[in-house]
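**Student:** Make a model of this:
(one chain, ligands or ions: 3)
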Amino acid sequence: MNVGRRQALKIVGQGAAGAVGLTAAASSAESAGQNRPIADDRDAVAMLYDATICTGCQACVTACSEANELVPDTVLSGGRWQMPLDLNANTKNIIKLAKNDDASQYSYVKRQCMHCLEPGCVSGCPFGALMKRASDGVITWEASRCIGCRYCEVSCPFNVPKFEWANFNPRIVKCEFCAHRLEEGQEPACTDVCPTHAVVFGRRADLLAEAKSRIEETPGKYYEDRVYGEKDGGGTQVLYLSALPFSFLGLPELGEESVAHYGSKVHSILYKWLALPFALYVLLAALIKWRWDKHEEHTREESSKTGIPRQI
Ligand code: SF4
Ligand code: SF4
Ligand code: SF4
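**Tutor:** Residues are numbered from 1 along each chain as shown. Ligands and ions are numbered 1, 2, ... in the order given. Model prediction:
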């Protein structure tokens with residue numbers, strides 16, 4: 001299977017994360033455990049975004065900011081209105097406009113964390129600060145475990161987690177599926193407000209079935225009659241339908257294997273090959289100590305024979 005240059009960097013990033021010390025290795029193993037698929041796929045929450053219905057009204061962007069108490073990004077509009085260019089430390093959800101040079105083809109596209117079934121960020125984080133919840137598959141971030149190493153940023157194939165550079169006590173910012181709202185029995189703010197139901201909330205299995213029935217009912221409408229996220233990158237809990245190629249929308253072309261899966265292969269290779277120099281180092285240190293002890297013993301013997309005190 002082909003792995004692109006960008007993907008290769010993500011995988012190397014994961015490998016590097018795996019090589020961060022013994023404590024980190026222990027935590028990484030813990031993270032790998034958290035990366036197991038949730039027990040019952042029917043428990044996985046999801047959202048389905050249909051780009052052919054989205055009007056680009058940005059209601060979901062504002063609702064996301066409000067629900068997550070984010071300071072709106074108004075830099076581009078000179079402080080007048082919320083106008084983020086991309087996901088950033090103040091923006092967990094964005095609607096982008098994808099268009100060709102003469103704007104004869106265009107589409108809106110919603111971007112946020114994809115809540116991967118096998119998340120690269122979780123296996124990339126050496127300290128287990130990012131976790132996949134067993135109950136519903138949502139990927140959450142735990143401030144007390146995060147040291148700000150930013151391995152999650154390099155490990156994410158969708159370029160989602162953002163670091164709060166401007167904050168004295170920086171956080172990793174990404175969509176956490178409005179976990180606080182889910183816990184109160186509410187749906188995510190973005191799906192709740194969408195006036196056209198371009199983005200809807202539900203169980204992954206149900207939304208996958210819904211996406212497939214839309215494809216079946218309207219032959220030729222959707223690109224390749226395919227649901228992005230069903231298998232891409234190992235599968236995600238955010239699913240997409242589009243009339244235009246997913247790459248046109250800026251969604252990465254991933255294989256069916258997740259970055260986390262490749263990453264674990266790199267981990268095992270790194271551990272395997274790091275074990276050898278470490279063993280040689282221990283052997284060398286033992287040899288040096290043995291030679292030094294011998295030298296000390298010899299010097300003591302010579303000193304007692306000749307009565308000349310030892311020179312230090
Ligand atoms: S999209 Fe990135 S941040 Fe979100 S779960 Fe997947 S790897 Fe993690
Ligand atoms: S689920 Fe919540 S945090 Fe995520 S994009 Fe929607 S509103 Fe924002
Ligand atoms: S609220 Fe719905 S229609 Fe409006 S931009 Fe968001 S997804 Fe599109």
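**Student:** Could you list the low-pLDDT ranges of the stretch 51-200 of the chain?
**Tutor:** Judged by pLDDT under 70, the stretch 51-200 of the chain has no weakly predicted residues.
**Student:** That one against ligand 1: which residues are in contact?
**Tutor:** 113-116, 119-121, 139, 156, 158, 160-161, 174 (CB under 6 Å from any ligand atom). To be clear about C-beta, it is placed using only N, CA and C from the backbone, and glycine gets the same treatment.
**Student:** so where do the strands sit in the stretch 101-250 of the chain?
**Tutor:** 106-111, 130-132, 139-141, 162-163, 172-173, 199-203, 238-241 (DSSP state E, counting those that start in this stretch).
**Student:** which parts of stretch 218-230 are buried?
**Tutor:** Residues of stretch 218-230 classed as buried: 222-223, 226-229 (neighbour count, 16 or more other CB atoms under 10 Å).
**Student:** and these as TSV, adding pLDDT?
**Tutor:** Shown next, in TSV, are the buried residues of stretch 218-230 (pLDDT from 0 to 100):
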residue	pLDDT
Tyr222	98
Tyr223	98
Arg226	97
Val227	98
Tyr228	98
Gly229	98
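**Student:** Turn the residues you listed into CSV, columns for distance to ligand 3.
**Tutor:** Converted to CSV, these look like this (distance: CB to the nearest ligand atom, whole Å):
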residue, distance to ligand 3
Tyr222, 17
Tyr223, 18
Arg226, 20
Val227, 17
Tyr228, 15
Gly229, 16
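**Student:** what's the nearest residue to Lys231 if we skip its chain neighbours?
**Tutor:** Excluding the flanking residues, the one nearest Lys231 by CB to CB, 6 or more residues apart in numbering is Glu256, at 4.6 Å.
**Student:** ok, which residues in the stretch 151-300 of the chain are in contact with ligand 3?
**Tutor:** 193-194, 196, 198-199.
**Student:** repeat that for 5 Å
**Tutor:** Taking CB under 5 Å from any ligand atom as the contact definition, the stretch 151-300 of the chain meets ligand 3 at 194, 196, 198-199.
**Student:** Mind checking which residue lies nearest the centre of the protein?
**Tutor:** Cys121 (2.9 Å; CA atoms, centre = their mean).
**Student:** so how many other residues sit close to the residue lying closest to that one once chain neighbours are set aside?
**Tutor:** Spatial nearest neighbour of Cys121, chain neighbours left out: Cys152 (4.0 Å); criterion: CB to CB, 6+ apart. A count of nearby residues for Cys152, using other CB atoms under 10 Å, gives 28.
**Student:** tell me the contacts of Cys152?
**Tutor:** 121, 124-125, 129-130, 161, 172 (CB atoms under 8 Å, 6 or more residues apart in numbering).
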